[in-house]
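Q: Predicted model follows, preceded by the sequence.
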Amino acid sequence: MSHLSKIARCLSWHTPRAHRCFACAASQHASRHAVPLIMRSSPARQGATVREPCMARLASTTVGGKATMKSPKVKSSMRTHMCGDVDVTQLGEEATVCGWVKSIRRAQSGLYFVDIKDITGVVQVKVDGSEDLIATAEQLKTEDVVQVTGTVASVPGKDKQRIELATSALNVLNKTLARPFDASNSVPAEMLRLEHRPFDLRRETMQRNILARAKAATAARSVLNEQGFHDIETPTLFKRTPGGASEFLVPTKHRGQFYALVQSPQQYKQMLMVAGFDRYYQFARCYRDEGGRMDRQPEFTQIDIEMSFIEQQDIKDITERIVRAVWQNAINVTLPETFPTMTFADAMHNYGVDKPDTRYEMTLKYADETLSTAIIANVPFWTQVNGAVIGFSAPSTADLFSRKVSDKIVEHGKGIDGPTLVVCRVGADGTLQSSISKWLSDDVQAALIQAMNAKQGDTFFITADTKKNAQAFMGKMRGHVASVLAENNMLFDTPQQEKAFNFLWVVDFPMFEPHELTEGRWQACHHPFTAPHPDDDHLLQTDPTQARAQHFDLVLNGVEIAGGSVRVHDPETQRYILQDILHEDITVFEQVLRSLSSGAPPHGGIAFGFDRLIMLMLSNHEESPASLRDVIAFPKSFSGKEVMSGAPGAVSPQDLAEYHIQVMDDKGNKA
């Protein structure tokens, strides 16, 4: 089919003719469309129809055996083609490309082959002929910026798809004087990469990551736009709020007056629902002044969503639709139509965590009351425990968990604030091999092996404590043991199991939990605007600690990627939760209570950790992201620094005085 025929077919989707897809025609991009033409009633004229142009999907292609981004045909005054767009359909045509020198090969005297790269891929250019061309090629270095004009020709050989440019003009647009590292053979040290981030972003792996992120964002926006959501910005500067993560304070020139950078647009998006915007979203910048972690940044992006007149299932449905579109468009992976659901209680009972990795088993097992009593009463370091014996089994691992390896597992457990861990192996004769065997009768040992569902050659791990403490401790140990097994290629039975994307909804969380800092107080498990479970409304007045919340998390392979809830829309209920249950300063939340009092609809929403989502989505790729920093163009370091500029940095005494700030040393003295 000719190029014009493809565009005509694209335009034929949209009728009448006045509403053709000009986006596709302008870009001369013929492809299938991720989102068809959207038709919906106009709010301005009831019954009228608004037609929106489709979003042309970026196609993928392969250059040199590696996946790259295939762009719409991009022309400018300096080039006719992107490097990745030159192909066999243009044989005999003249093309001009611009980019960076990836490699140079001198085949013989007077003949050079130069690979030129840009964001779309690599094209080989053949330089021979005139002395001027040869002289220019001889001076080229990797990463020099060049412009090449030539005729598209096939490369001699069996592969008829290989092409090159037979060069007629070669211009050096800029010489690269600084090459901070050579990334052709190995990944440079991260601090060096962060210091020279633009150079690092030119690497193929980093460009793949950032482009996949861009495609994911486009796919998510397309779904949300199709479903009638409105992209609305909310302020970054807000007020200090109690509880939760640490906030960045922003001083003002008004003495003693500070803003806080928002942790999320939670209050603003609820106000938008009160304002009647019905469906809102934004790619929101959020800030938390927390310590360094591999999966956390001080500033990060979340897809923030809020909807009116909905129930929990409505939010889950739109979330699944977004995730499916992101995976399909960004990495060409088809996900199931719906994701499984598990209650918080079941997650804790079976896995000991509220975000379980369900790609592998090792579920928690429980000794019954009689067996637990018999074990606890006879093991000296457990005799003061009033609780139960809980553990999990790792099949066919007895040979791996030698005394040395087991001792390391136990030492890791000591670093967790919890009970004592015991490692047990089942020998070839079916007997228990453990440090506690000498204190247990043969019958108790046999009963323990059976309770842990262990067999010959298995290893199981147990502890004894209150049920809640033991569950939480063993949930952490399950994750650690899984990492040890993965290092030894013993966690997954097949590569497909390891590379699976196991999504899971976790629902029915507790509404409140003991306060982290103040004994006798309670805090919201998630945030204080979450509505109680419909079946637990009455518990707010009688026993709020037993109430479940209409909160839900989306978990992927043991990592939370989104969290949402149905919100409290009744102002008196919200006031009661804040004032009488949480004992918060009600004046801090007056803006929310005023808003709810002006006619709030039932509403709810969800927020994706977008950086984390992209990191996990690319986890199966070659040179997969090692941290969030590999999927963010300009991230902060592990310690929270912007390495290129050295921020944060000191400011002058004059600047400090203007903001009425005095710097103190650790002892409280003026620095």
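A: That came through, no problem. Computed from a prediction, not measured in an experiment: that's the story for all the values here.
Q: Just the helices from the stretch 151-300 of the chain, written as ranges.
A: 190-195, 197-201, 204-226, 266-274 (DSSP state H, counting those that start in this stretch).
Q: mean confidence for the longest one?
A: The average pLDDT within helix 204-226 is 97.
Q: other SSEs contacting that helix?
A: On a contact count with 3 or more CB pairs under 8 Å, 6 or more residues apart in numbering; DSSP states H and E, helix 204-226 meets strand 33-35, strand 55-56, strand 66-70, helix 197-201, strand 230-231, strand 279-287, helix 312-331, helix 610-617. Glycine gets a C-beta too; all of them are placed from N, C-alpha and C.
Q: Buried deepest among those, which one?
A: Ranked by mean neighbour count, these are led by helix 610-617 with a mean of 24 (mean count of other CB atoms under 10 Å).
Q: Put the alpha carbons of that helix into PDB.
A: Extracted C-alpha coordinates of helix 610-617, given in PDB (Å, rounded to 0.1, in the frame of the first residue of the first chain):
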ATOM      1  CA  PHE A 610       4.700   6.800  38.000                       C
ATOM      2  CA  ASP A 611       8.500   6.400  38.400                       C
ATOM      3  CA  ARG A 612       8.100   3.100  40.200                       C
ATOM      4  CA  LEU A 613       5.700   1.900  37.600                       C
ATOM      5  CA  ILE A 614       8.100   2.500  34.800                       C
ATOM      6  CA  MET A 615      11.000   0.900  36.700                       C
ATOM      7  CA  LEU A 616       9.000  -2.300  37.200                       C
ATOM      8  CA  MET A 617       7.600  -2.300  33.700                       C
END
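Q: Run the chain-centre distance for whichever helix or strand comes after that helix.
A: Using DSSP states H and E, the helix or strand that directly follows helix 610-617 along the chain is helix 653-658. Computed by CA atoms, centre = their mean, to the nearest Å, the chain-centroid distance of helix 653-658 equals 39 Å.
Q: Please apply the same query to stretch 495-506.
A: With CA atoms, centre = their mean, you get 15 Å for stretch 495-506.
Q: any idea of the mean pLDDT in stretch 184-195?
A: Across stretch 184-195, pLDDT averages out at 87.
Q: In it, which residues are buried?
A: P188, E190, R193, L194, E195 (16 or more other CB atoms under 10 Å).
Q: Over to stretch 364-378?
A: Judged by neighbour count (16+ other CB under 10 Å), stretch 364-378 contains these buried residues: L364, K365, Y366, A367, L371, S372, A374, I375, I376.
Q: re the thing from before, tell me which of the buried residues of stretch 184-195 is nearest to V389?
A: The closest of the buried residues of stretch 184-195 to V389 turns out to be E190 (CB to CB; 43.2 Å).
Q: Isn't that closest one up against K636?
A: No - E190 is beyond contact range of K636, at 11.9 Å (criterion: CB atoms under 8 Å).
Q: which residues are common contacts for these two?
A: R629 (CB atoms under 8 Å, 6 or more residues apart in numbering).
Q: what's the neighbour count on N350?
A: N350 has 19 neighbours, counted by other CB atoms under 10 Å.
Q: and what of D655?
A: For D655, the count of nearby residues is 10 (other CB under 10 Å).
Q: secondary structure element for A500?
A: Using DSSP H and E, A500 falls outside every helix and strand.
Q: ok, it to Y360 distance?
A: 10 Å (CB to CB, to the nearest Å).
Q: These two: who's more crowded?
A: The residue with more neighbours, out of A500 and Y360, is Y360; 19 against 14, by other CB under 10 Å.
Q: how about the strands of the stretch 301-450 of the chain, start to end?
A: Assigned by DSSP state E, counting those that start in this stretch, the stretch 301-450 of the chain shows strands spanning 341-343, 365-366, 388-394, 422-426, 432-434.
Q: Most tightly packed of those strands?
A: Scoring the strands of the stretch 301-450 of the chain by mean count of other CB under 10 Å, the most buried comes out as strand 388-394, with a mean of 25.
Q: That one to strand 422-426, inter-axis angle?
A: 50 degrees (axes from the mean of the first three to the mean of the last three CA atoms, to 10 degrees).
Q: who does strand 388-394 touch, helix- and strand-wise?
A: strand 365-366, helix 369-378, strand 459-465, helix 467-487.
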